[in-house]
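[1] sequence first, then the predicted structure, then my questions.
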Amino acid sequence: MSNGQVTIAIDAMGGENSPYKVLKGAQIFQNKNQNVKMIFFGNKTEITSNIRKFKIDISNYEIVNTTENVQDDDNVNTILRSRKDSSIYRALEFVKKNPDTGFVSAGNTAAIMVLSRLHLGMIEGIDRPAICSLIPNKKNFSLMLDLGANVTVNPENLFQFALMGFSYYTIINKESKPTIGILNIGTENNKGLEFLQVAAELISKSFLKDYFIGFIEPNKITLGDCDIIISDGYTGNIMLKSAEGISNFITSNLRDMFSKNLLNKLAYKIVQNDLKIFRDQVNPEIYNGANLIGLGGTSIKSHGNASETAFSHAINKCYTSIKNNLNQQIIKSVNNLW
C-alpha cells in the first residue's frame, strides 16, 4: 500500500455474466471506498466495451489484457500448462510480485486454488488451502472451512483446517475462546466416516483440545454453539449451497406473502424494520467472498453465479483483508501455534 491506497487485482472474466457483473460490482464497491486502485485482468476489448455500453462509472483503475480464459472443464495440467495468459494466472502473478495487494475472482475454483498455491505459496506446515467464510447464526456468526477447495481430505488436513480456523477466529475476535467442531451426521464418537473420527482424535490430543467440542450436526450450526466448523470441501460446499437455497426460499416467500393483499401490506409496515434486519442477517450476498486461507497472500473466491452486489462484497472482503493485514496475522499466528 502506498499512501494508504489499497490495490486489488481482479479477474474480470471469471464466473457467470462477466465482465459486466465484475465491473458493476466494482462500481458499487468504489462508491463506498475511494482510496482503492483496481486492476482488471481479462479481454481488454470486452472490458472496455462493457464499461462504455453499460455506463460503468469507475475511476482509478487499470486494464491488463489477457488472451486466454480458464474453462470450467479444464483439468490441472491444462490450467498450469496452457492457461498462462489467462486472467486468473496473470492476476495472481501480479499479486506474487506485489505482496501487499490481493486477488478476487468468481472463476473456476480448482484454477484459483492451484494457481494461488503456485504463485502465493503455502504457510509453512500447511499442506492445502481451504475456502473459509463466516456463517450467520443465532448468536452472531461461525467460521466454516473448507467450503469447496478440497473435495477429498485426510485427517491431517482437517487438523490443519482447525488450526487455521482457530488462528483466523481469534484474530477477528481477540478476546474469544472459540469452540471447534467437525461437521458430521451425528455427535457420537463412532458416527461418520473413519477419516472424521481420526481427525477428531488428532484435534482432541493436540493443543486445541480445550477448544474442541467433538462432532456437530448440520441442523445445529445456526444455534451458534460452535464457533469454528471444520469440514471436507465436498460436504462443506453442499452445506453452504443448501443454506443459501433455504435462505432465498424463505426471503422470497416472505416477500410474496407480504405483497399478497392490502392487509398483508399493512402488516408488513408494522414489522418492516425487524424484517430488514432478518433479511440482512441471512442474505447470502452479504457473505459472498471467501478467504482462501493457508496461502502466503490474499486470495478471495466469489461465487461463480454471484450478482453484481454480491461481487462488490467479495471485493470488499479483499479490501478489508489487505487493509487489516489479515493474511500476515494468520501466518504469524499459525507459526506461533506450531
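    Happy to help now that I have it.
[2] and the top helix by length along the chain, what does it pack onto?
    Using DSSP state H, we find that the single longest helix of the chain is helix 233-258. Judged by 3 or more Cβ pairs under 8 Å, 6 or more residues apart in numbering; DSSP states H and E, helix 233-258 is in contact with strand 130-136, strand 141-145, strand 180-183, helix 262-282. C-beta coordinates here come from the backbone N, C-alpha and C atoms, glycine included.
[3] next one: it to chain centre, how far?
    17 Å (Cα atoms, centre = their mean, to the nearest Å).
[4] what is the burial count for the residue lying closest to residue 232 once chain neighbours are set aside?
    Distances taken as Cβ to Cβ, 6 or more residues apart in numbering put residue 153 closest to residue 232, at 4.5 Å, once the chain neighbours are dropped. As a burial measure, residue 153 scores 24 neighbours (other Cβ atoms under 10 Å).
[5] part of a strand, is residue 153?
    No - under the criterion used here (DSSP: H, G, I helix; E, B strand; the rest coil), residue 153 is coil, not part of a strand.
[6] from memory it sits against residue 196, does it?
    No - Residue 153 is beyond contact range of residue 196, at 9.8 Å (criterion: Cβ atoms under 8 Å).
[7] quick check: buried residues in the longest helix of the chain?
    Counting neighbours by 16 or more other Cβ atoms under 10 Å, one finds that the buried residues in helix 233-258 are 233, 235, 236, 237, 239, 240, 243, 244, 247, 251, 258.
[8] now residue 130: how far from residue 98?
    24 Å (Cβ to Cβ, to the nearest Å).
[9] that should have said residue 44, apologies.
    20 Å.
[10] before we move on, what about residue 323?
    According to Cβ to Cβ, residue 323 and residue 98 sit 15 Å apart.
[11] ok, now residue 248?
    37 Å.
[12] please give me every residue in contact with residue 248.
    By Cβ atoms under 8 Å, 6 or more residues apart in numbering, the contact set of residue 248 is residue 284.
[13] please renumber so the chain begins at 651
    All right, first residue 651 from here; so that's residue 898.
[14] okay, it: pLDDT?
    As predicted, residue 898 sits at a pLDDT of 83.
[15] identify the bridge partners of the closest residue to residue 940 other than its chain neighbours.
    Closest residue in space to residue 940, ignoring its immediate chain neighbours: residue 783 at 3.9 Å, by Cβ to Cβ, 6+ apart. Residue 783 has these beta-bridge partners by DSSP bridges: residue 794.
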